[in-house]
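>>> Sharing a model prediction with you, sequence too.
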Amino acid sequence: MLVTASDDGTVWFFSLLIEEGQFSVAPLGFAVYGEPGETVTGLEFVPGSEKKFLLFTGAGRVLEMRTPGVKDLTDHTTYVNAEALCAGLQVKSEILREEARLAREAEKDKQRSELQADIDERKKLGLEVDENTEKAKLEKRLALEDRELPEIPLVVPEPPSPVLVGVPAADGTFTLLMGGWDAGWVHSASFKEARPTAVRVPGAEQVGVSFRTFSADGKYMVLGLVDGRIRIHAVHEDPWALDDYWHLHMHDNTYGRITGICFSYDGRNLITCGTDGNIFLFDFVPPEGIARPRSSKFVIGGQPEERVDDIDDGSTYSLEEQRQRSALDARQQLADARKAAVRADLAELRREFKQWIGLNQGLPRQVALSHAELLLDERIRAEQRRKAEESLQTGSDRHGKNSIV
């Protein structure tokens, strides 16, 4: 069965058939998952299930759906099933609030310890110390500071954070990598538990993860980020341990969102592509190395490609030089076309002016224009000369400034 989802709010189901050597796709029906315009960011079948799949959307929703069975389909009904929604993800705000509380408690304990050390030191010197009074003053000051500290609000992002990557698990849970307010965090949730869990992605707290994959041996997880970075994490027994990683930054950090990552057949190369239009090929050599296969040959069916030798002639343009030369030729052709158009206009004006002179000479002397009246007004010529001199002076000043070291 083939399942597709689109931004029109529907999920379609198709059967794949092979009859008499012909391959055909037959529609079975559709299900409605939301309103038109809600972007679908992922569709993944639950491991171990042939019918259950999860749908992830740009509105931060996770939907559990099932493919139709034979009994669900008739000639008179359209297959539509119910959807299950994930609870809102507010766990990030709660974690930030708890971290701020723990940091404040640690600061208060530090001040109490410093005060106690100071009291003990003064007692050793034989000084009179009112220990209870000083501790009471400290607690009063700390309580006043607590009241003045702003409380971290529980943020409900609006619009909701989009789900960039969703990964279902066989136990009913699913992992979410989101954008927007929840970018840079890994969420684990299920439809049975109202409160999901979350953990930071170290070094990418404000950057969304747009792609995730694993090496063939499962020892390394590779993340592609919205800012074009590639992060390679060593997989440990604790799935939330994300501190062991290294990263690459090759794609454009503004337009290079990672859209695909894959390994070569032998695991020795890593290929990445992004929205900046670039594809990068890396040698993948983890610390423990990679076992070399018995044969380094990888046969692909089809005719062998004809070998193309490199061009050794130094006078031959490179691809970049050819591109620049083509762009220069195009600009030159455009400039030549404009010059030709101006020359044609001037020739037409000269022809018309000569016609007017001929007509003027055929008129009686009393009504004909004199030679001085046919000349261009001198004030116009003077204005043109002034503008030309100003343009030359401006260019000279600009050149002089650029020449200063």
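Ah, there it is.

>>> can we go C-alpha only for contacts and neighbour counts from here?
Will do.

>>> What ranges in the stretch 151-300 of the chain fall below the confidence cut-off?
Across the stretch 151-300 of the chain, residues meeting the criterion (pLDDT under 70) sit at 152-157, 194-195, 288-300.

>>> Please enumerate the strands of it.
163-168, 173-178, 185-190, 197-200, 209-214, 220-225, 229-234, 245-249, 258-263, 269-274, 279-283 (DSSP state E, counting those that start in this stretch).

>>> Give the buried residues for stretch 31-48.
Neighbour-count burial for stretch 31-48, counted by 16 or more other CA atoms under 10 Å, picks out 31-34, 38-43, 45-46.

>>> Just these: which are in strands?
Among the buried residues of stretch 31-48, the members found in strands (DSSP state E) are 31-32, 40-43, 45.

>>> and of those, the nearest to residue 227?
Of all these, residue 227 sits closest to residue 41, with 17.9 Å by CA to CA.

>>> Apart from its chain neighbours, what residue comes closest to that closest one?
residue 57 (5.1 Å; CA to CA, 6 or more residues apart in numbering).

>>> Pretty sure the one you found sits against residue 161.
No - with contact defined as CA atoms under 8 Å, residue 57 does not count as touching residue 161 (9.7 Å).

>>> quick one: residue 10 and residue 38, what's the gap?
Going from residue 10 to residue 38 by CA to CA, to the nearest Å gives 10 Å.

>>> for the stretch 1-150 of the chain, what spans make up the helices?
For the stretch 1-150 of the chain, the helices defined by DSSP state H, counting those that start in this stretch cover 91-124, 131-148.

>>> quick check: angle from the longest one to strand 185-190?
Taking axes from the mean of the first three to the mean of the last three CA atoms, to 10 degrees, one finds helix 91-124 and strand 185-190 inclined to each other by 120 degrees.

>>> And helix 91-124, how far out from the chain middle?
40 Å (CA atoms, centre = their mean, to the nearest Å).

>>> pLDDT of it, averaged?
Across helix 91-124, pLDDT averages out at 79.

>>> that older thread, count residues in the vicinity of the residue nearest to residue 41, would you?
23 (other CA atoms under 10 Å).

>>> and it, what pLDDT?
The model's pLDDT for residue 57 equals 84.

>>> just to revisit the earlier point, ok, of the ones in strands among the buried residues of stretch 31-48, which one's closest to residue 238?
Once CA to CA is applied, the member of these that ends up nearest residue 238 is residue 45, at 24.2 Å.

>>> List the contacts of that closest one.
By CA atoms under 8 Å, 6 or more residues apart in numbering, the residues touching residue 45 are 51-54, 168.

>>> so which of the helices of the stretch 1-150 of the chain comes closest to residue 211?
helix 91-124 (20.9 Å).

>>> Packing partners of that closest one?
helix 131-148, strand 197-200 (3 or more CA pairs under 8 Å, 6 or more residues apart in numbering; DSSP states H and E).
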